[in-house]
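1. structure for the following, please:
(chains A, B, C and D)
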4 protein chains.
Amino acid sequence: MADITDITQAKGGWLAGHELEQVRGQLPVVYIDALPVRVDPMGEVDEVGLLLRGTEEGQLKRSMVSGRVHVGERIRDALLRHLEKDLGPMALPRIPASPAPFTVVEYFPDPDVTGFHDPRQHAVSLAFVVPVDGDCEPSQEALDLSWLSPSEAMSPEITMEMDGGRDKLLQMALAHCGVLP
Amino acid sequence: MADITDITQAKGGWLAGHELEQVRGQLPVVYIDALPVRVDPMGEVDEVGLLLRGTEEGQLKRSMVSGRVHVGERIRDALLRHLEKDLGPMALPRIPASPAPFTVVEYFPDPDVTGFHDPRQHAVSLAFVVPVDGDCEPSQEALDLSWLSPSEAMSPEITMEMDGGRDKLLQMALAHCGVLP
Amino acid sequence: MADITDITQAKGGWLAGHELEQVRGQLPVVYIDALPVRVDPMGEVDEVGLLLRGTEEGQLKRSMVSGRVHVGERIRDALLRHLEKDLGPMALPRIPASPAPFTVVEYFPDPDVTGFHDPRQHAVSLAFVVPVDGDCEPSQEALDLSWLSPSEAMSPEITMEMDGGRDKLLQMALAHCGVLP
Amino acid sequence: MADITDITQAKGGWLAGHELEQVRGQLPVVYIDALPVRVDPMGEVDEVGLLLRGTEEGQLKRSMVSGRVHVGERIRDALLRHLEKDLGPMALPRIPASPAPFTVVEYFPDPDVTGFHDPRQHAVSLAFVVPVDGDCEPSQEALDLSWLSPSEAMSPEITMEMDGGRDKLLQMALAHCGVLP
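-> Residues are numbered from 1 along each chain as shown, chains lettered A, B, ... in the order given. I've put the predicted structure just below:
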C-alpha cells in the first residue's frame, strides 16, 4: 500500500495526497490484495511471491501485492496495474476470469475490529491469488522479491515480518488453494 | 441505493449529502447488494424477494436490497442494516458466514464499461445471497415486496422493471445458487 | 465416515458392505464433509462443533460431520441426512443455498498424495460450512459434541485428536469464514 | 462424456466397460466439466470453446470438455487429461489454483430431479472454467471446436444443440465469470 501510488492520475482527474487524506476519513477505500504464485502444469501452487520492503522506521516488512483502486478503474485493471508495477514489465500475471475475490479483507485503524489493521484508513480489500508467468523483478520500491514454498512462507521467520494481519491473509490464500503446510 | 441512507451517522461522524457528492467523484464507493431468498429445509432457493419502488420520474422499479457501506462499518453490519431497513424489524436475515461475495459488481456512470450502471457514481458492490426467515414487510420507501419463484423473477415482465444491470445480477445470483430457470 | 452408514438403503436398492468394498477399489467415492457452526446475528462464526468418537483401537478422535453420498441422492439431501444423524433430531442445519463447496478434499489410501488420508478408499469429498440452530446432541455413535471457539478448536490438544488431515480441513473452513485464530 | 474414455487404465488397474456398467448403478460417479475459455490480458473472458460431436442417432451436439475421474487420480490430473485429450497436445490449459469448483452439477437418469440429465448414471460433476493458451485442435472424436463470444454461445442456435442441461451449465459458467450476455 505504498503512498507513491496515491498521487496518481485516475480517469477523470488527479487526486492529490492531501485530498486523499480528506476523503479517507469519509468513505471506506477500495483496495486489492494479490498473492502472486508459481503453479505447476496441473495448476497446483508451488511457490508464492512475497515482496520485501523497508519502512521509514528502518524495519523490514514482507507483503503481497496491494494497492488502491482508482475511481473509474475496473478491479481487473487495478490488479494488472499493481502487479506490473511491483513485479516488473516482464511478468505475465494471469488475472482470474471470475470477478469474485477469494476473500474480502477489512482493514481498520482500530486493530481489534477484524484483526486486519491499517493505521491510515478503513480499507475494503478484494483478495485474489494470481498465477504469474514470465520473469519477475521487484520494482524500485521493493528491496527483494522472494519465491517461497508454502511451508517456507508460513515459517515464523517470514510471518513475523508481515504486519497488519497479512500473515493471516497469506494463510487464507494458501487454504483457498488447498496447499496449507 | 436510496439517497435517504446517504445522510446518516457512521461511526466517527456525519457525512452530509453535499460532502458525499464531493467524495463520490474521487473514490469508488463501497456498496453491498443482497438478494433475499426463501429456502427449503435442504437449503434450496424456493423464492427470491424483490422490492418495488417508485422513481421520481414516476416509473416502477424492482430491485434487490442495496446500499452503501459506511466508514468504520463492517460489511456484515452493512448487510444486516440494509436488510433490516428494507425488510422490516421482524425479518431474520441469515448473513453468510463467509465474507467472500458470490460476485463483485462494478457500477459506472458510463453504462458501457461493464454493463452495470449508476449515473451518480463509480460503485464497487459486493453481492450476497441472503436466506431470510421471519416476517418481511417492505419499508416505507418501498411500495411492495414480492416473493417470486426463480422463473417468475426471470420473466420479462419482472426483469424489464430492473435497471442498471440488476436483472443480470439477479440471473448471476440464481446461477450461483444452481436454480437458473 | 462411520461404517454403519455404508449398509443402508439408497434409492434403488441396498448396497451391502461387501459390495461397497468391491466398488471402492474401482471408483472414487463421493463424500460430504460438513463443519457445523454457531453464528452470531451478523453471520460471523462464534463456535464450531466437533464430534468425539472412540476408535476400535481405543483412541479418541475429533471430527466434523462426514459421510457418503448415496446413488440417487442429492448432495444437499446427503448433507441434511448426515447432519441430522450426527447432531440429533432437534438440530436445525442451515444447508447453504449454493451447491458449490468451499473446497474439495481428496482422500487417498496413500497419505502422501494430497495429505488427506483414508486407508479404505479414494474419496472425493465436497466440504461445506453449515450454520446450525436448535438443540444439538451427539448421536449414539459419538461420545460427545463440543462447541469450541476457533482458537480453542485450533489448539494443539484438539487438533492432535484429528487424523487423516481433518485438522487441516478445519483450518481451511475457518480461513474460508474469515475467522482463523 | 465419451464412452471411449471409460475403458482406460487408471492407476491400479483397468476398469472394463461391463465392470463400469455394474458399479454405475451402485455409486454416484465423479466427473469433471471444464469450459475452455480465451481471456484477454486483464483475465476477462473473450470466447468460450465448445466441441461439436455427432451422436449415434446422427444428431449434432455441442458440449464443453467433460469426463470421468479415475480411482487414484486427482481432480486436477483428470482436468488436464480430459482437456489435453479434447483440445490436442498443443493446447496449454491453465488449471485453476483452487480445488473448489465454481459449481457442482448433479446429473441423474431422471431428468426431473435437478434438470441435469445423464441417462446412463448418477454423476456428480465438479465444474471449472479453464483459460487455455496455445493452439487447440479438436480430437478425432469431435467434429469441430468453435470459439464463440459469450453472446454467440448463448444464442438459441447454439444452446439448442446442447442437451442434458449443458446450456444451463454454460450460462452458470458465464455468470461466474461476470460475462453473461
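2. C-alpha from now on. contacts and neighbour counts both.
-> Fine.
3. ok, which residues in chain A are in contact with chain B?
-> Residues of chain A lying close to chain B by CA under 8 Å from any CA of the partner chain are A:15, A:23, A:25-30, A:69-72, A:74, A:98-104, A:106, A:108, A:122, A:124.
4. from those, which land in strands?
-> A:15, A:29, A:30, A:103, A:104, A:106, A:124 (DSSP state E).
5. now tabulate these in CSV and tack on pLDDT and neighbour count.
-> Conversion of these to CSV gives the following (pLDDT from 0 to 100; neighbours: other CA atoms under 10 Å in any protein chain shown):
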residue, pLDDT, neighbour count
A:15, 62, 19
A:29, 96, 24
A:30, 98, 23
A:103, 98, 23
A:104, 98, 23
A:106, 98, 25
A:124, 98, 23
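6. which of the residues you listed are close to chain C?
-> Counting by CA under 8 Å from any CA, the members of these near chain C are residue A:103.
7. chain B: which of the ones in strands among the residues of chain A next to chain B is nearest?
-> residue A:103 (4.5 Å; CA to the nearest CA).
8. which residue is the nearest non-sequential neighbour of that closest one?
-> residue B:100 (4.5 Å; CA to CA, 6 or more residues apart in numbering or on different chains).
9. and residue A:166, what pLDDT?
-> Looking at residue A:166, its pLDDT stands at 97.
10. next, count neighbours for it.
-> 21 (other CA atoms under 10 Å in any protein chain shown).
11. who does the closest residue to it other than its chain neighbours form a beta bridge with?
-> Nearest in space to residue A:166, with sequence neighbours left out and distances taken as CA to CA, 6+ apart, is residue A:63 at 6.9 Å. Per DSSP bridges, the residues bridged to residue A:63 are residue A:51.
12. gap between residue A:63 and residue A:55?
-> 12 Å (CA to CA, to the nearest Å).
13. which one of those two has more residues nearby?
-> Higher neighbour count among residue A:63 and residue A:55: residue A:63, with 26 against 9, using other CA under 10 Å.
14. now that one: how far from residue B:54?
-> In this view, residue A:63 and residue B:54 are 48 Å apart by CA to CA.
15. now residue A:98
-> Taken as CA to CA, the span from residue A:98 to residue B:54 is 34 Å.
16. tell me which of the ones in strands among the residues of chain A next to chain B is nearest to residue D:151?
-> Relative to residue D:151, the closest of these is residue A:103; by CA to CA it sits at 29.5 Å.
17. what's the closest one in contact with, if anything?
-> A:126, A:127, A:128, B:98, B:99, B:100, B:101, C:176, C:178 (CA atoms under 8 Å, 6 or more residues apart in numbering or on different chains).
18. which ones are touching the second one?
-> Which is residue A:127. So residue A:127 contacts A:32, A:33, A:34, A:35, A:101, A:102, A:103, A:104, A:105 (CA under 8 Å, 6+ apart).
19. let's go with 7 Å and repeat that
-> Contacts for residue A:127 (CA atoms under 7 Å, 6 or more residues apart in numbering or on different chains) come out as A:32, A:33, A:34, A:101, A:102, A:103, A:104.
20. skipping adjacent residues, who's closest to it in space?
-> Nearest non-adjacent residue to residue A:127, counting by CA to CA, 6+ apart: residue A:33, 4.6 Å away.
21. secondary structure element holding residue A:128?
-> Residue A:128 belongs to strand A:123-134 when assigned by DSSP states H and E.
22. next SSE after that strand?
-> Following strand A:123-134 in sequence order, the next helix or strand is strand A:144-148 (DSSP H and E).
23. average pLDDT for that following strand?
-> In the prediction, strand A:144-148 has an average pLDDT of 96.
24. what are the pairing partners of it, and which direction each?
-> Strand pairing for strand A:144-148, using DSSP bridges, gives strand A:45-54 (antiparallel).
25. you'd agree residue A:168 is in a strand?
-> No. Residue A:168 is assigned helix when assessed by DSSP: H, G, I helix; E, B strand; the rest coil, not a strand.
26. for chain A, what helix or strand is lowest in average pLDDT?
-> Lowest on mean pLDDT, DSSP states H and E among the helices and strands of chain A sits strand A:8-10, with a mean of 41.
27. which one's the longest helix in chain A?
-> Criterion DSSP state H: the longest helix present in chain A is helix A:75-87.
28. run through chain A and note the low-pLDDT ranges.
-> Chain A contains residues with pLDDT under 70 at A:1-19.
29. for the strand holding residue A:128, buried residues please.
-> Neighbour counts over strand A:123-134 (16 or more other CA atoms under 10 Å in any protein chain shown) mark A:123, A:124, A:125, A:126, A:127, A:128, A:129, A:130, A:131, A:132 as buried.
30. hmm, back to that, dump the contacts of residue A:103 into TSV; add distance to residue A:43 as well.
-> TSV is the format used below for the contacts of residue A:103 (distance: CA to CA, whole Å):
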residue	distance to residue A:43
A:126	22
A:127	19
A:128	15
B:98	24
B:99	25
B:100	22
B:101	24
C:176	20
C:178	24
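31. contacting residues around the residue nearest to residue A:79 when sequence neighbours are not counted?
-> Nearest non-adjacent residue to residue A:79, counting by CA to CA, 6+ apart: residue A:32, 6.7 Å away. By CA under 7 Å, 6+ apart, the contact set of residue A:32 is A:66, A:67, A:68, A:69, A:79, A:125, A:126, A:127.
32. in what helix or strand does residue A:32 lie?
-> Assigned by DSSP H and E, residue A:32 falls in strand A:29-39.
33. measure residue A:138 to residue B:161 for me?
-> 50 Å.
34. between the two, who's got more neighbours?
-> Applying other CA under 10 Å to residue A:138 and residue B:161 shows that residue A:138 carries more neighbours, namely 19 against 16.
35. would you agree the more buried one is in contact with residue A:88?
-> Yes. Contact criterion CA atoms under 7 Å: residue A:138 and residue A:88 qualify, at 6.3 Å.
36. burial of the closest residue to residue A:62 other than its chain neighbours, as a residue count?
-> Of all residues not flanking residue A:62 in the chain, residue A:52 sits nearest, at 4.6 Å (CA to CA, 6+ apart). A total of 20 residues lie near residue A:52 under the criterion other CA under 10 Å.
37. residue A:52 and residue A:90: what is the separation?
-> Per CA to CA, residue A:52 is found 19 Å from residue A:90.
38. before we move on, what about residue A:61?
-> Residue A:61 is 24 Å from residue A:90, where distance means CA to CA.
39. over to residue A:174?
-> For residue A:174, the distance to residue A:90 - CA to CA - is 25 Å.
40. got a list of what residue A:84 touches?
-> Counting by CA under 7 Å, 6+ apart, the residues that residue A:84 touches are residue A:91.
41. what does chain A put close to chain D?
-> When proximity is defined by CA under 7 Å from any CA of the partner chain, chain A lies next to chain D at A:42-45, A:76-77, A:80, A:94-99, A:176-178.
42. buried subset of those residues, written for ChimeraX?
-> Command for ChimeraX that selects the buried part of the residues of chain A next to chain D, burial taken from 16+ other CA under 10 Å:
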select /A:42,43,44,45,76,77,80,94,95,96,97,98,99,176,177,178
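43. tell me which of the residues of chain A next to chain D fall in helices.
-> Counting by DSSP H, the residues of chain A next to chain D place A:76, A:77, A:80, A:176 in helices.
44. the last one against residue D:98, yeah?
-> Yes. Judged on CA under 7 Å, residue A:176 makes contact with residue D:98 at a distance of 5.9 Å.
45. quick one on the thing from earlier: quickly check the ones in helices among the residues of chain A next to chain D for the two that are furthest apart.
-> Checking these with CA to CA, the most distant pair is A:77 and A:176, at 22.9 Å.
46. tell me the residues of chain A that contact chain C?
-> A:172, A:175.
47. about what we covered before: contacts only, for the residue nearest to residue A:62.
-> Going by CA under 7 Å, 6+ apart, the list of residues near residue A:52 reads A:60, A:61, A:62, A:63, A:142, A:143, A:144, A:145.
48. so the second one is in which element?
-> Of the helices and strands defined by DSSP H and E, residue A:61 is found in strand A:60-63.
49. run a quick neighbour tally on residue A:102.
-> Using other CA under 10 Å, residue A:102 is surrounded by 23 other residues.
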